[in-house]
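**Student:** Provided below are the primary sequence and the corresponding predicted coordinates.
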Amino acid sequence: MEQAILQWLLIYYVIVNTAGFFIMRLDKQKARNGRRRTSEQALFTWAGFGGAAGMLFASRMFRHKTQKPAFKIGLPLFIILHIGLTGFLVWAGGELTP
C-alpha cells in the first residue's frame with residue numbers, strides 16, 4: 001500500500017511543481033512586458049497545493065521575487081511542510097482508509 005501512495009504522490013508533485021515552475025516563468029514574462037501580473041495570493045495558493053519546489057527553482061532561475069521576504073521564507077517553508085506531509089502519508093500508509 002505504501003508503494004501505491006508514494007507513486008501517486010510522486011506523480012502529483014511532478015505535475016504540480018512543473019506547473020508551479022511555468023506559473024512563475026509566466027509571471028516573470030508578464031512583469032517584463034508590463035502586463036497584468038499573477039497575484040501573490042494566487043502564487044502562494046499554488047505553493048500550498050504543493051508547487052513550492054518548482055516555484056522556488058523558477059524564482060532562482062529567472063531571478064523573480066527573490067528579494068521579497070514572503071517568497072524567500074514562504075516557499076522553503078511550504079517545501080518543508082509538504083515533505084513532512086508526504087512522510088506522514090507514506091508512514092501512515094493504509095491506516096488512513098476506513
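**Tutor:** Arrived safely.
**Student:** Could you report the pLDDT at Leu96?
**Tutor:** For Leu96, the model assigns a pLDDT of 53.
**Student:** packing partners for the lengthiest helix in the chain?
**Tutor:** Identified as the longest helix of the chain according to DSSP state H is helix 2-33. On a contact count with 3 or more CB pairs under 8 Å, 6 or more residues apart in numbering; DSSP states H and E, helix 2-33 meets helix 40-46, helix 52-62, helix 69-92. (Each C-beta comes from the backbone N, C-alpha and C, glycine too.)
**Student:** Compare the ones you listed and give me the one nearest Ala4.
**Tutor:** Ala4 lies closest to helix 69-92 among those, at 10.4 Å (CB to CB).
**Student:** From the rest of the structure, what touches that closest one?
**Tutor:** With CB atoms under 8 Å, 6 or more residues apart in numbering as the test, helix 69-92 has contacts from 2, 5-6, 9, 13, 40, 43-44, 47-48, 50, 52-53, 55-56, 59, 65-66, 96.
**Student:** Got a PyMOL select line for the buried ones in those?
**Tutor:** Here is the PyMOL command that selects the buried residues among those (16 or more other CB atoms under 10 Å):
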select buried, resi 5+9+13+43+44+47+50+52+53+55+56+59+65
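**Student:** Just name the most buried of the helices and strands packed on helix 2-33.
**Tutor:** Highest mean neighbour count among these (mean count of other CB atoms under 10 Å): helix 52-62, with a mean of 21.
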